[in-house]
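Enquirer: quick one: sequence and predicted model below, then my questions.
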2 protein chains.
Amino acid sequence: MPPSLKMDFATEFKRHVARVERGLDQFVPPATTRPVRLHTAMRYSLEAGGKRLRPVLVLATAELFGIKDESALPAAVAIECVHTYSLIHDDLPCMDNDDLRRGRPTVHKQFDEATALLAGDALLTHAFALLSENYASELSRALTQELADAAGSRRLIGGQMEDLLAEKKADATPDELEFIHLNKTAAMIEAALVMGGLIGGANEDAINTLRRAGRHLGLAFQIIDDILDATADTATLGKTAGKDAKAGKTTFVKLHGVEASRRFAGEHSTAARAALDELPGDHSFHAALVATMAVRST
Amino acid sequence: MPPSLKMDFATEFKRHVARVERGLDQFVPPATTRPVRLHTAMRYSLEAGGKRLRPVLVLATAELFGIKDESALPAAVAIECVHTYSLIHDDLPCMDNDDLRRGRPTVHKQFDEATALLAGDALLTHAFALLSENYASELSRALTQELADAAGSRRLIGGQMEDLLAEKKADATPDELEFIHLNKTAAMIEAALVMGGLIGGANEDAINTLRRAGRHLGLAFQIIDDILDATADTATLGKTAGKDAKAGKTTFVKLHGVEASRRFAGEHSTAARAALDELPGDHSFHAALVATMAVRST
């Protein structure tokens, strides 16, 4: 990627992130709302930062389809609420039992387990409240259907369940690992692109193309994450490296090796890029996102 | 209540419950859906039975407004999914830590904590999927808004949070107890009546009346539950009596005594009945429900 494009991409990404941060403040009840402890915990988890990849994809995709105002913001906040709830519940002692997330105590460490459980429940519920309150009927219905499906028992939650079951065994099969990646990671990235497209009034063909681009982007993202965990050092990564191997977790790298994983990631990046090329409008932001991810893994 | 009306009511209630049971089977993914363990747990919890009060109220209220077919069924199933999710999460060790629910092992006892957590998450998410898949746009949006609000951080989950905080103190204040009852119990009963009315095409006035009836019905229901826990024996109750007092829990009876509680329950029953009397159509089922509840507490 030429340096100028790279800089443009970084600037654009930051611009979208700033919008997301404002949206989170605007569309989530203030911490002073009764019960204060619950709303404080909801905000604590949302304010922990993170890449904001999913909400940025909602905003950038809506923009690709001509949305110039902030009408995609409630949906962007909704998808970040769902992503954050899934992290809070994933960190609980009965799941991954993590004490730290993005360098800060996890919600159950900072508050307690019950508060973390309820804050997660509340963020998930709030996502659907946002979609029902901020969009005209047909768009609201379509966004709700997309998000509920992506976050549901066959996709996000199903992926978490299989991930958990796989961890208890010696090794996940390639089929199980594919199910986990497709549903635990790719489903919400797919939903982000599709929700942006729905808000932008994309037609059925374009929605299908966005779904395909999202699936490949999500799979590339997850495989690259596995490669980085196996190859990068903790300083480069900004989080503990080698965590997957230490946890005996089945990853793409463990099943297929680093070389083949790089090849698979490259193939998914190329397929995501090809799908994006079918879309109308200037998709240089999306293309740069794919390219930036691919560069990280080499 | 005359014996004939009582029998009619019991027959009607059973008829609605049978519809709910069929609806649960029809509108929740089969246990054979991947991941099987997750869907088995979802069905296990839904099939545990219970009174089905909330979904029955959705169906009966839609009928009151002229709905003759099964179009209220997906919404009835959705509200039972939300109620069941709240029970699964409430039973977890970090919350009430209950081993038994309706005479059967709780979900985390029958499966494990992680499965129970995810099954609850999945039922909550599924409720919104059902509302988005089975109703025309504007009705879908209105039902989603009603359910998300009733189940949200200011109401159902807020009520659970304050309940939990109150349990840690010596005593809840009357204000805290009112917040808990209004939100942990009454919110979902209110939503059941309102959702039934929305499906039946009730106008804004009627919706407000249903909301008022639901609030009083919910408060009467909760106070009567407190009275029964304090006065009935385990055999009559079908669950362990005196559980609240043993847990040091602040109840209406603990704060106000049995006599005043009976008076409050009576006042709320009368107010619920008065609101129902403002509605058009034959509301004898709803009236009998209020009367049946009031009789149980004396």
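Expert: Structure received.

Enquirer: grab the nearest non-local neighbour of the residue of the stretch 151-298 of chain A found nearest chain B.
Expert: Closest contact between the stretch 151-298 of chain A and chain B, by Cβ to the nearest Cβ, is at A:S153 (3.8 Å). Placement of C-beta: from N, CA and C, glycine included. Distance criterion Cβ to Cβ, 6 or more residues apart in numbering or on different chains; nearest residue to A:S153, sequence neighbours excluded, is B:A122 at 3.8 Å.

Enquirer: my guess is that neighbour meets B:T40, correct?
Expert: No - if you go by Cβ atoms under 8 Å, B:A122 and B:T40 don't touch, sitting 11.5 Å apart.

Enquirer: looking at those two, which is more packed in?
Expert: A count of neighbours by other Cβ atoms under 10 Å in any protein chain shown puts B:A122 above the other of B:A122 and B:T40, at 30 against 18.

Enquirer: give me the distance from the longest helix along chain A to the chain's centre.
Expert: Taking DSSP state H as the criterion, chain A has its longest helix at helix A:204-231. How far helix A:204-231 lies from its chain's middle: 10 Å, per Cα atoms, centre = their mean, to the nearest Å.

Enquirer: and what of stretch A:21-33?
Expert: 20 Å.

Enquirer: what of stretch A:95-112?
Expert: For stretch A:95-112, the distance to the chain centre is 19 Å (Cα atoms, centre = their mean).

Enquirer: contact residues of the stretch 101-250 of chain A facing chain B?
Expert: A:112-115, A:117-118, A:120-122, A:124-126, A:128-129, A:131-133, A:135, A:137-138, A:140-142, A:144-145, A:147-149, A:151-154, A:157-158, A:160-162, A:164-165, A:179 (Cβ under 8 Å from any Cβ of the partner chain).

Enquirer: which element follows the worst-scoring helix or strand of chain A on mean pLDDT toward the C-terminus?
Expert: In chain A, no helix or strand scores lower on mean pLDDT, DSSP states H and E than helix A:234-237, which sits at a mean of 63. Of the helices and strands lying after helix A:234-237 in sequence (DSSP states H and E), the nearest is helix A:243-246.

Enquirer: quick one: mean pLDDT over the helix or strand just after that next one.
Expert: Per DSSP H and E, helix A:243-246 leads on to helix A:252-277 as the next helix or strand towards the C-terminus. Helix A:252-277 shows a mean pLDDT of 94.

Enquirer: list the buried residues for helix A:252-277?
Expert: A:252-256, A:261-262, A:264-266, A:268-269, A:271-273, A:275-276 (16 or more other Cβ atoms under 10 Å in any protein chain shown).

Enquirer: picking that back up, thought B:H39 was touching the residue of the stretch 151-298 of chain A closest to chain B, still the case?
Expert: Yes - counting by Cβ under 8 Å, A:S153 does reach B:H39; the two are 6.3 Å apart.

Enquirer: out of those two, which sits in the busier spot?
Expert: A:S153 (27 against 22).

Enquirer: for the more buried one, which three-state class applies?
Expert: Following DSSP: H, G, I helix; E, B strand; the rest coil, the label given to A:S153 is coil.

Enquirer: measure it to A:T125 for me?
Expert: For A:S153, the distance to A:T125 (Cβ to Cβ, to the nearest Å) stands at 16 Å.

Enquirer: same question, A:L228
Expert: A:L228 is 33 Å from A:T125, by Cβ to Cβ.

Enquirer: A:R43 too?
Expert: 15 Å.

Enquirer: ok, now A:D163?
Expert: From A:D163 to A:T125 the distance is 23 Å (Cβ to Cβ).

Enquirer: one more: A:D112?
Expert: 20 Å.

Enquirer: more crowded one of the two?
Expert: Here A:D112 and A:T125 are compared on neighbour count by other Cβ under 10 Å; more neighbours surround A:T125, at 28 against 14.

Enquirer: quickly find the element holding that one.
Expert: Using DSSP H and E, A:T125 falls in helix A:113-134.

Enquirer: hey, C-alpha coordinates of that helix in CSV?
Expert: Backbone C-alpha positions of helix A:113-134 (Å, rounded to 0.1, in the frame of the first residue of the first chain) are rendered in CSV as follows:
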residue,chain,number,x,y,z
GLU,A,113,-19.6,-11.5,38.8
ALA,A,114,-23.3,-10.7,39.2
THR,A,115,-22.8,-7.1,38.1
ALA,A,116,-20.8,-8.4,35.0
LEU,A,117,-23.5,-10.9,34.2
LEU,A,118,-26.2,-8.3,34.3
ALA,A,119,-24.2,-5.6,32.6
GLY,A,120,-23.7,-8.0,29.7
ASP,A,121,-27.4,-8.9,29.6
ALA,A,122,-28.2,-5.2,29.7
LEU,A,123,-25.9,-4.3,26.8
LEU,A,124,-27.3,-7.0,24.6
THR,A,125,-30.9,-5.9,25.4
HIS,A,126,-29.9,-2.2,24.8
ALA,A,127,-28.7,-3.0,21.3
PHE,A,128,-32.2,-4.0,20.3
ALA,A,129,-33.8,-1.0,22.0
LEU,A,130,-31.5,1.2,20.0
LEU,A,131,-32.5,-0.4,16.7
SER,A,132,-36.2,-0.1,17.6
GLU,A,133,-36.0,3.5,18.7
ASN,A,134,-33.8,5.1,16.0
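
Enquirer: angle of it against helix B:113-134?
Expert: Angle, helix A:113-134 to helix B:113-134, by axes from the mean of the first three to the mean of the last three Cα atoms, to 10 degrees: 10 degrees.

Enquirer: dump stretch A:92-100 to PDB, restricted to CA.
Expert: Extracted in PDB, the C-alpha atoms of stretch A:92-100 (Å, rounded to 0.1, in the frame of the first residue of the first chain):
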ATOM      1  CA  LEU A  92     -16.400 -14.600  33.300                       C
ATOM      2  CA  PRO A  93     -14.800 -17.300  35.500                       C
ATOM      3  CA  CYS A  94     -17.100 -20.000  34.100                       C
ATOM      4  CA  MET A  95     -15.900 -19.200  30.600                       C
ATOM      5  CA  ASP A  96     -12.300 -18.000  29.900                       C
ATOM      6  CA  ASN A  97     -11.800 -16.600  33.400                       C
ATOM      7  CA  ASP A  98      -9.800 -13.600  32.300                       C
ATOM      8  CA  ASP A  99      -8.700 -10.900  34.900                       C
ATOM      9  CA  LEU A 100      -7.500  -8.400  32.300                       C
END
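
Enquirer: give me the distance from that stretch to the chain's centre.
Expert: Worked out by Cα atoms, centre = their mean, stretch A:92-100 lies 19 Å from the chain centre.

Enquirer: what comes up buried for stretch A:194-211?
Expert: Buried, per 16+ other Cβ under 10 Å, within stretch A:194-211: A:194-200, A:202, A:206-207, A:209-211.
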